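1. model this:
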Amino acid sequence: MTQRTKRTVITSTVFVLVIGYALLLWRGPWWLDGAHLRERGLQPADGVVITGFRTTLVALGAGAVAALGLWYTHRNHKLAQRQFEQTQEQFKLTQEQFAHTQKKDRDQASLTREGQVTERYVEAIKLLASDRIAERLGGIYSLERIMNDSNRDKGTIVEVLAAFIRENARIASEPFETPIGYVAPEDVQAAFTVLVRREVQDGENVVLLPYVDLRGVTLRGGRFDNLVLGGARFDRGMFWDVSLTGANLTSVNFSNVTFHGGSLSGSVLYFADFQHAHLSDIDMDGSVLQSVNFKEAVLHGCSMRDVDLQNAVIDQTVIVDCATLSPEDLAKAKIRNVTHIPDRLISDPAVIQRLVECGREQDSADSSEAEPRA
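-> Here you go, the predicted model:
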């Protein structure tokens, strides 16, 4: 049945029912009880019957209308609920489609970005292999930019820069002196600067740079976190506010280095060489300075609380305003020749005793060298 035919049938049925109801109101009493009702000259008793019948019929009609209204309301409510559920399903489907589209867009953007990063990375690597210093510097700073933009490539770039330094800054096999005014090569300086100013994350692998030639580097700020620099040479370098906290610096050459500010707190510096170095306002608390050579070095205003100076060489060393250096820690060092030590330390019995012991050891060593060989 078509919608139009259905509407016609419903309209006709309603019309018939209305006509039938009207006829019942008009002639119903006589149809049901015509034998007892007069057609003319109605009596009060007839009026009571007719009025009661019509009142009942009106009440039934009102009830039917009310029931029909309730049914219609319920039907509309169910229809509205069904439409609402359909709308919700459509909205959910739209959301899923939107989320799927977003994911596809993100995946496509990620692929595009990864492709761009790969292209930039390949170009930067090519520049690193160039014979021209300007192009090598461009490659180094391009890698730094990629490292900051792409966290997943950070570890690879750090390893590439470390390999570049190991390859281009090898320590010569023969001992040599570093001339005054020596400056590190620009590309090595740039690569190392990028490494020390990167943001180190928890769980990041250590960077191996043992026995590299980093003489004459200049650093302003940065951290040596996760760097293994055992045996490296930094002589005649300059460091301002650089943190070497917790770094492995065993046997590192810091001779003639200028340190200002920053930190060596907690660093391991076994056998490090600070000969002729100038260290000022540095936090050295808790540093392991066993067998470190401070010959002719200047320590000015350094915090040296709980340092381990076991067998450290204090020879013509100038110690100024290092208020946290305790006599007990200093008394573990090898104090030789003319050394400038604050009065509060030089007058301590433990330091005086250590000075006497070191003087005897020095005299014995000098006597042994003076004896003619058989």
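2. And the helices in the stretch 1-150 of the chain, which stretches?
-> For the stretch 1-150 of the chain, applying DSSP state H, counting those that start in this stretch gives helices covering 3-33, 44-128, 133-149.
3. Burial-wise, tell me which of these comes out on top.
-> With neighbours defined as mean count of other C-beta atoms under 10 Å, the helices of the stretch 1-150 of the chain peak in mean count at helix 133-149, which reaches a mean of 18. (Each C-beta comes from the backbone N, C-alpha and C, glycine too.)
4. so where is the stretch 251-374 of the chain shaky, pLDDT-wise?
-> Along the stretch 251-374 of the chain, the parts satisfying pLDDT under 70 run over 366, 368-374.
5. let's see 90
-> Within the stretch 251-374 of the chain, the stretches with pLDDT under 90 are 266-268, 323, 336-340, 343, 346, 356, 359-374.
6. Same check on the stretch 51-200 of the chain?
-> Counting by pLDDT under 90, the stretch 51-200 of the chain shows low-confidence ranges at 51-122, 124, 129, 146-155, 171-178, 199-200.
7. Kindly recompute the last result at 80.
-> Scanning the stretch 51-200 of the chain with the threshold set as pLDDT under 80 gives 51-62, 64, 101, 104-118, 173-176.
8. ok, back up a step: with respect to E177, which of the helices of the stretch 1-150 of the chain lies nearest?
-> helix 133-149 (25.3 Å; C-beta to C-beta).
9. Show me what the closest one is packed against.
-> If contacts are counted by 3 or more C-beta pairs under 8 Å, 6 or more residues apart in numbering; DSSP states H and E, helix 133-149 sits against helix 44-128, helix 154-168, helix 186-196.
10. Dig out what V320 forms beta bridges with.
-> Assessed by DSSP bridges, V320 has beta-bridge partners H300.
11. shouldn't it be in contact with C302?
-> No. Because the distance of 9.1 Å does not satisfy C-beta atoms under 8 Å, V320 is recorded as not touching C302.
12. and these two? which has more neighbours close in?
-> Remark: of V320 and C302, C302 carries more neighbours, 24 against 13, as counted by other C-beta atoms under 10 Å.
13. where's that one relative to D348, distance?
-> For C302, the distance to D348 equals 19 Å [C-beta to C-beta, to the nearest Å].
14. swap in A163?
-> From A163 over to D348 the distance is 50 Å, taken as C-beta to C-beta.
15. Who has more neighbours out of the two?
-> Taking other C-beta under 10 Å, A163 and D348 do not tie; D348 has more neighbours (18 against 14).
16. In terms of residue numbering, what are the domains of this protein?
-> According to automatic domain parsing, the chain comprises the domains 1-27+49-128, 130-370.
17. Now do the contacts for K334.
-> Listed by C-beta atoms under 8 Å, 6 or more residues apart in numbering, the contact set of K334 reads 311-315, 358, 361.
18. Look up the residues forming beta bridges with it.
-> For K334, the beta-bridge partners are V313 (DSSP bridges).
19. Would you check how far apart it and A169 are?
-> Applying C-beta to C-beta, the value for K334 to A169 is 32 Å.
20. Tabulate the helices and strands packed on helix 133-149 in TSV, adding columns for distance to F239.
-> Shown next, in TSV, are the helices and strands packed on helix 133-149 (distance: least, C-beta to C-beta, whole Å):
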stretch	distance to F239
helix 44-128	26
helix 154-168	17
helix 186-196	10
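21. G286: which of the ones you listed is closest?
-> Comparing these by C-beta to C-beta, helix 186-196 comes nearest, at 21.2 Å.
22. before we move on, back to that, so which of the helices and strands packed on helix 133-149 is nearest S142?
-> S142 lies closest to helix 44-128 among these, at 3.9 Å (C-beta to C-beta).
23. so what secondary structure elements neighbour that closest one?
-> Under the contact criterion of 3+ C-beta pairs under 8 Å, 6+ apart, helix 44-128 touches helix 3-33, helix 133-149, helix 154-168.
24. Any buried residues in the last one, and which?
-> Burial within helix 154-168, assessed by neighbour count using 16 or more other C-beta atoms under 10 Å, is assigned to 154, 157-158, 160-162, 164-165.
25. which helices and strands sit right next to it?
-> helix 44-128, helix 133-149, helix 186-196, strand 207-208.
26. of all those, which lies closest to H260?
-> The closest of the helices and strands packed on helix 154-168 to H260 is helix 186-196. By C-beta to C-beta, the value is 16.0 Å.
27. angle of that closest one against helix 44-128?
-> Here the directions of helix 186-196 and helix 44-128 differ by 150 degrees (axes from the mean of the first three to the mean of the last three C-alpha atoms, to 10 degrees).
28. and the gap between D306 and F224?
-> Distance, D306 to F224, by C-beta to C-beta: 21 Å.
29. Equivalent analysis for D315, please.
-> Going from D315 to F224 by C-beta to C-beta gives 27 Å.
30. Those two: which has the busier surroundings?
-> F224 (26 against 20).
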